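Peer 1: got a predicted structure here, sequence first:
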Amino acid sequence: MAAARRILPQCADRVSHFVQDVWSVFSPLAVKTGAVNLGQGFPNFPPPQFIKDAAAKSIGPDLNNQYAHPKGHLPLRKEVSATFSPLYGRELDVEKNILVTAGANEAIFATLSAYLNPGDECIMMEPFFDQYEPNITLNGGKPVYVPLRLHHKKGAKASDNDSAADWTLDIDELKAHITDRSKVIIINTPHNPIGKVFSAEELRAIGQVAIDHNLLIIADEVYERLVYGNKEHVRIATLSKELWERTVTIGSAGKTFAVTGWRLGWALGPESIIQNILNAHTRIVFCANAPLQFAVADALHEANKRNYYATQVSEYAARREKLLACFKNLGLRVTVPDGSYFILVDTSRIAIPADEWKEICAVPMPSANRDWRVCYWLTTKIGVAAIPPSSFYSPENAHLAENLARFCFCKTEETLDQAVKALQKLKPYIK
C-alpha cells in the first residue's frame with residue numbers, strides 16, 4: 001500500500017503573494033555578469049575612521065554586548081536629543097520623545113503595527129521605498145497610492161534635464177483618495193528614488209490634509225543629511241504644534257554615517273506616539289543592536305566637531321556631478337536630485353535592437369514592464385546595473401516608470417569611473 005502523501009502547512013496569505021524582489025534579481029545579476037553595480041543603494045566605500053574606531057571600542061565592556069534598554073541606551077538617546085533638539089526648536093526628552101530602533105525600517109514597521117487595525121488605510125506617494133508596502137500589509141493595513149507626477153518645463157527639449165522639484169503632488173488628487181478608513185500617511189523627504197526635497201509650502205499643504213482627516217504622519221527623513229545646493233531640508237514636525245502632535249519622524253544612523261549594515265535608527269515624536277510605537281517595538285525586536293548604539297552615540301557627538309556633515313555632502317555632491325555629466329554627455333534626460341543619492345534617468349531614447357529585445361523578453365522576470373527589460377539589458381549588455389523604478393509603484397501606476405531607470409552614486413570614485421566608461425557603450429543606441 002502506497003504511503004499517504006504528506007501535506008505540509010501552507011504559507012500565510014499575507015506572505016504568499018510576495019514575488020521575487022528587485023534586489024534579489026539585479027544584485028546577483030551584477031555579480032554574475034561582472035557589471036558595475038549602481039543598483040542597490042549601499043555605499044561601497046568605508047565609513048570614516050572615527051566611526052569605525054567607535055564601533056571597535058563599543059564591544060570592549062562586557063555588559064555592552066547584552067540587551068539594551070528597549071528605548072535605546074541612554075547615552076545614544078542623549079546624543080540624539082543634543083543633535084536634534086536645536087533642529088526641532090524644542091527639547092527632545094530622552095524618556096518621552098526618542099526611541100532607538102533596529103534600523104529605520106523597523107521604526108516604520110513598529111509604527112504601523114502600533115496604529116493599523118485590519119483594513120485601515122495608509123497613504124503613500126509613488127514612487128515609494130519598496131518596504132512600505134509589505135510593512136503595511138503585514139500589519140493588516142491597505143496601501144493607498146497617490147503618485148508624484150513629473151511636469152516637464154515648457155519648451156524643454158528631449159535631452160533637457162528635469163529638476164526633482166518638477167515632481168509634484170496634486171493635493172486634490174490626495175484628497176480624493178481619503179476615505180473613512182484612512183489613518184496614516186507616509187512622507188519621504190528627501191525622497192527615494194526621485195531626490196525631491198519637499199518645500200515647507202508643500203509639507204504644510206499635506207499636513208493640513210492630515211489635520212483635516214485626523215491622519216498620523218510618518219515622516220521618513222533618513223536622507224536628511226544629504227541635501228545639495230541651496231535646498232533646505234524642512235522637517236514637517238517643526239511647522240506647527242498641530243503637526244508635531246501627529247507626526248513621528250524616522251531617522252537612520254546607517255544612512256547618516258554610511259553604515260547601513262548596523263541597522264540602527266530612531267523615531268522622534270510626542271510622548272503619546274512614541275509610547276505606542278515602543279509597545280510594538282518591544283514585541284517585535286525588544287531592543288536594537290546594543291554595542292553599536294554606543295558607537296553611534298560617539299559618532300553623533302563627534303560629527304559636528306569634525307565638520308562631518310558638510311564634508312559628506314561635498315563628497316556626495318561631487319559624485320552626483322560625475323554621474324550627471326556622464327548622462328549629459330550621452331544626451332539622456334535625467335531628474336537632477338536635490339537630496340538622497342539616486343538619479344532617475346529617462347531611457348525613452350534608448351533603442352534596443354529588435355533581436356536583443358526579443359532575447360530579453362524571453363528571460364523570466366517578476367515583471368514584464370519595459371523598465372525591467374531595459375535595466376536587464378543595461379546590466380548584461382552595457383555592463384552597468386540599475387534598478388527598474390516600477391518596483392516602487394503599484395501595478396496600476398507602474399506604467400509611469402516604464403521609461404525610467406534608477407542609478408545610485410553612493411559609490412567610490414573608482415566605481416563611478418568604471419560605470420562612466422561602461423556607459424559610453426550606450427551611444428550607438430541613443431536615438
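Peer 2: Happy to help now that I have it.

Peer 1: for residue 314, what are phi and psi?
Peer 2: Main-chain torsions, residue 314, degrees, to the nearest 10: phi -60, psi -40.

Peer 1: from residue 299, how far off is residue 411?
Peer 2: Counting by CB to CB, to the nearest Å, the separation of residue 411 from residue 299 is 22 Å. Placement of C-beta: from N, CA and C, glycine included.

Peer 1: likewise residue 147?
Peer 2: Distance, residue 147 to residue 299, by CB to CB: 37 Å.

Peer 1: neighbour count: those two, which is higher?
Peer 2: With neighbours defined as other CB atoms under 10 Å, residue 147 and residue 299 compare such that residue 299 has more, 26 against 19.

Peer 1: three-state assignment of that one?
Peer 2: Secondary structure, DSSP: H, G, I helix; E, B strand; the rest coil: residue 299 is helix.

Peer 1: apart from its neighbours in sequence, what residue is nearest it?
Peer 2: residue 51 (4.8 Å; CB to CB, 6 or more residues apart in numbering).

Peer 1: need the residues that contact the helix or strand that neighbour falls within.
Peer 2: Residue 51 belongs to helix 49-58 when assigned by DSSP states H and E. With CB atoms under 8 Å, 6 or more residues apart in numbering as the test, helix 49-58 has contacts from 46, 64, 257, 259, 262, 291-296, 298-299, 302, 306.

Peer 1: now those: which count as buried?
Peer 2: 64, 257, 259, 262, 291-296, 298-299, 302 (16 or more other CB atoms under 10 Å).

Peer 1: ok, now which ones touch residue 276?
Peer 2: Listed by CB under 8 Å, 6+ apart, the contact set of residue 276 reads 114-115.

Peer 1: tell me the buried residues in the helix or strand encompassing it?
Peer 2: Following DSSP H and E, one finds residue 276 within helix 271-284. Neighbour-count burial for helix 271-284, counted by 16+ other CB under 10 Å, picks out 273-274, 276-278, 280-281.

Peer 1: again with stretch 213-223
Peer 2: Across stretch 213-223, burial judged by 16+ other CB under 10 Å covers 213, 215-223.

Peer 1: then stretch 25-44?
Peer 2: Neighbour-count burial for stretch 25-44 flags 25-27, 29-30, 35-43 (criterion: 16+ other CB under 10 Å).

Peer 1: list the ones among those residues that fall in helices.
Peer 2: Residues of the buried residues of stretch 25-44 located in helices (DSSP state H): 25-27, 29-30.

Peer 1: where along the stretch 151-300 of the chain do the helices fall?
Peer 2: 171-176, 200-212, 241-245, 253-257, 271-284, 290-303 (DSSP state H, counting those that start in this stretch).

Peer 1: so for the third one, what's the average pLDDT?
Peer 2: When the per-residue pLDDT values of helix 241-245 are averaged, the result is 98.

Peer 1: just the buried residues of that helix, please?
Peer 2: The neighbour-count check on helix 241-245 (16+ other CB under 10 Å) flags 243-244 as buried.

Peer 1: Provide the contact partners of it at residue level.
Peer 2: 90, 207, 210-211, 217, 236-238, 269-270, 272.

Peer 1: quick one: which of those residues has the most company?
Peer 2: In terms of neighbours by other CB under 10 Å, those top out with residue 269 at 28 neighbours.

Peer 1: hmm, residue 248 and that one touching each other?
Peer 2: Yes: counting by CB atoms under 8 Å, residue 269 touches residue 248, with 4.0 Å between them.

Peer 1: now list whatever residues contact both of these two.
Peer 2: Common neighbours of residue 269 and residue 248, counting by CB under 8 Å, 6+ apart, are residue 277.

Peer 1: where are the low-confidence patches of this structure?
Peer 2: Residues of the chain meeting the criterion pLDDT under 70: 1-4.

Peer 1: domain ranges for it?
Peer 2: Split into domains by automatic domain parsing, the chain comes to 13-41+308-429, 50-303.

Peer 1: distance between the ends of the shortest one?
Peer 2: Distance across domain 13-41+308-429, first residue to last, is 44 Å (CA to CA, to the nearest Å).

Peer 1: ok, now the last one?
Peer 2: Across domain 50-303, the terminal residues are separated by 9 Å (CA to CA).

Peer 1: just to revisit the earlier point, TSV please, covering the buried residues of stretch 213-223 and showing distance to residue 73.
Peer 2: As requested, those are exported to TSV (distance: CB to CB, whole Å):
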residue	distance to residue 73
213	37
215	32
216	27
217	27
218	24
219	24
220	23
221	22
222	20
223	25
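
Peer 1: mind picking the two most distant members of the buried residues of helix 271-284?
Peer 2: Within the buried residues of helix 271-284, 273 and 281 form the most distant pair, 12.1 Å apart (CB to CB).

Peer 1: tell me where the stretch 251-400 of the chain has strands.
Peer 2: Counting by DSSP state E, counting those that start in this stretch, the stretch 251-400 of the chain has strands at residues 265-268, 334-336, 342-346, 384-385.

Peer 1: quick one: which of the buried residues of stretch 213-223 is nearest to residue 379?
Peer 2: Of all the buried residues of stretch 213-223, residue 379 sits closest to residue 223, with 25.0 Å by CB to CB.

Peer 1: contacting residues for the closest one?
Peer 2: Contacts here follow CB under 8 Å, 6+ apart; on that basis residue 223 touches 190-192, 255, 339-341.

Peer 1: and it, how close does it get to residue 252?
Peer 2: 8 Å.

Peer 1: list the contacts of residue 204.
Peer 2: Residue 204 neighbours (CB under 8 Å, 6+ apart): 239-240.

Peer 1: ok, it to residue 221 distance?
Peer 2: Here residue 204 is placed at a distance of 16 Å from residue 221 (CB to CB).

Peer 1: ok, residue 37 next?
Peer 2: 26 Å.
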